[in-house]
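Asker: One predicted model, sequence on top.
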Amino acid sequence: MAGRLRAVIALLGSGCALPPGSLTTPTVHIHPPAPPEVVASEKMKEHLQAAVFAPASLGRPPTGTTPGEVHEQEPVTDLLTQAATCLKRGQELQAAAYLEQYLREQPQAHLFRIQVAEIYHRHEEYPRAQLHYEYFLWHLPPQPREPLGSYAVLAHTRLREYALARQDEFAEAYHRGAGLLLLALSAREMHPQLADELLGQARQALAQAQSMRPNHPLLIARRIEMHELSGHIIAASWERRASQRYPLPTAIIPALPCE
């Protein structure tokens, strides 16, 4: 629970940078754990000014430059082998390119997705990191179990950080509220008093987001979850009616800035 409390501090803090070691980098079979670094907020702002939500096909691969050694028709097992080899050599960006190819075939490989996002975050490739954090959250099942729940909090924390850097007030409030909502959900059985406090903070953040973009489909979805967690069945029912008028699109990913 201590790790989640540190995540709360990051979500509620007013600055862009995260304290060193405040969040845990995800671990998958091909890569040893590594602590996230403190982000240079000014450089993030430079790269993230044009990063916005845009609808796209679920099958659309992430855009950007892919190293020449990554081939379109590479078998997925070979892609993972190549990624593991690159990681052993310390070639994280090359490994990320192989994993991106793998994720085109296996978009719900959640741990690989968050690993790629963290690689780009460490290398200050913030628009590409943002894309993968968004993809990660999009493909998650409702109320994800551990460790996916903790990684979802990590993704919302990163996306809030990016929103602060580009001065996007709606995205900042939305991701803060969504992250706190996940923390409240995970704490409700073992720490009900803490869960109530987190839920109150989430409610405030989502209300702030609602004041700016009340009909945003993702916001409506989070508000339904908030009302259900609070036991407000009637309010959740009204939000569901709103979701019928403003349904989620086929997919949502952030558009990369034009080069």
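Answerer: Thanks, I have it. Numbers count the residues shown, from 1 in each chain.

Asker: only C-alpha atoms for contact and neighbour calcs from this point on.
Answerer: OK.

Asker: So what's the residue count around R188?
Answerer: For R188, the count of nearby residues is 16 (other CA atoms under 10 Å).

Asker: before we move on, what about W238?
Answerer: 11.

Asker: Repeat that for R241.
Answerer: Around R241 there are 12 other residues, counting by other CA under 10 Å.

Asker: Got the phi and psi for it?
Answerer: phi -60, psi -40 (degrees, to the nearest 10).

Asker: before we move on, what about Q106?
Answerer: Main-chain torsions, Q106, degrees, to the nearest 10: phi -130, psi 70.

Asker: Could you check how far it is from L99?
Answerer: 10 Å (CA to CA, to the nearest Å).

Asker: quick one, which of those two is more surrounded?
Answerer: Between Q106 and L99, counting by other CA under 10 Å, L99 is the more crowded of the two (25 against 14).

Asker: can you tell me the helix or strand for that one?
Answerer: helix 92-105 (DSSP states H and E).

Asker: Let me see the mean pLDDT of that helix.
Answerer: In this model, helix 92-105 has an average pLDDT of 92.

Asker: Show me which positions of that helix end up buried.
Answerer: For helix 92-105, burial by neighbour count (16 or more other CA atoms under 10 Å) applies to 92-104.

Asker: Now render the residues you listed as JSON lines, adding distance to T85.
Answerer: JSON lines is the format used below for the buried residues of helix 92-105 (distance: CA to CA, whole Å):
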{"residue": "E92", "distance to T85": "10"}
{"residue": "L93", "distance to T85": "12"}
{"residue": "Q94", "distance to T85": "10"}
{"residue": "A95", "distance to T85": "8"}
{"residue": "A96", "distance to T85": "12"}
{"residue": "A97", "distance to T85": "13"}
{"residue": "Y98", "distance to T85": "10"}
{"residue": "L99", "distance to T85": "12"}
{"residue": "E100", "distance to T85": "15"}
{"residue": "Q101", "distance to T85": "15"}
{"residue": "Y102", "distance to T85": "15"}
{"residue": "L103", "distance to T85": "17"}
{"residue": "R104", "distance to T85": "20"}
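
Asker: what's the following helix or strand after the helix holding L99?
Answerer: Towards the C-terminus, the helix or strand next in line after helix 92-105, according to DSSP H and E, is helix 110-122.

Asker: tell me what that following helix is packed against?
Answerer: Other helices and strands packing on helix 110-122, by 3 or more CA pairs under 8 Å, 6 or more residues apart in numbering; DSSP states H and E, are helix 92-105, helix 126-139, helix 148-165.

Asker: could you dump that helix to CSV, C-alpha only?
Answerer: In CSV, the C-alpha atoms belonging to helix 110-122 read as follows (Å, rounded to 0.1, in the frame of the first residue of the first chain):
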residue,chain,number,x,y,z
HIS,A,110,-0.5,-5.1,-21.4
LEU,A,111,2.8,-5.6,-19.7
PHE,A,112,4.8,-5.2,-22.9
ARG,A,113,2.8,-2.1,-23.7
ILE,A,114,3.6,-0.3,-20.4
GLN,A,115,7.2,-1.4,-20.8
VAL,A,116,7.4,0.3,-24.2
ALA,A,117,5.8,3.4,-22.8
GLU,A,118,8.3,3.6,-19.9
ILE,A,119,11.2,3.1,-22.3
TYR,A,120,10.1,6.1,-24.4
HIS,A,121,9.5,8.1,-21.2
ARG,A,122,13.0,7.4,-19.9
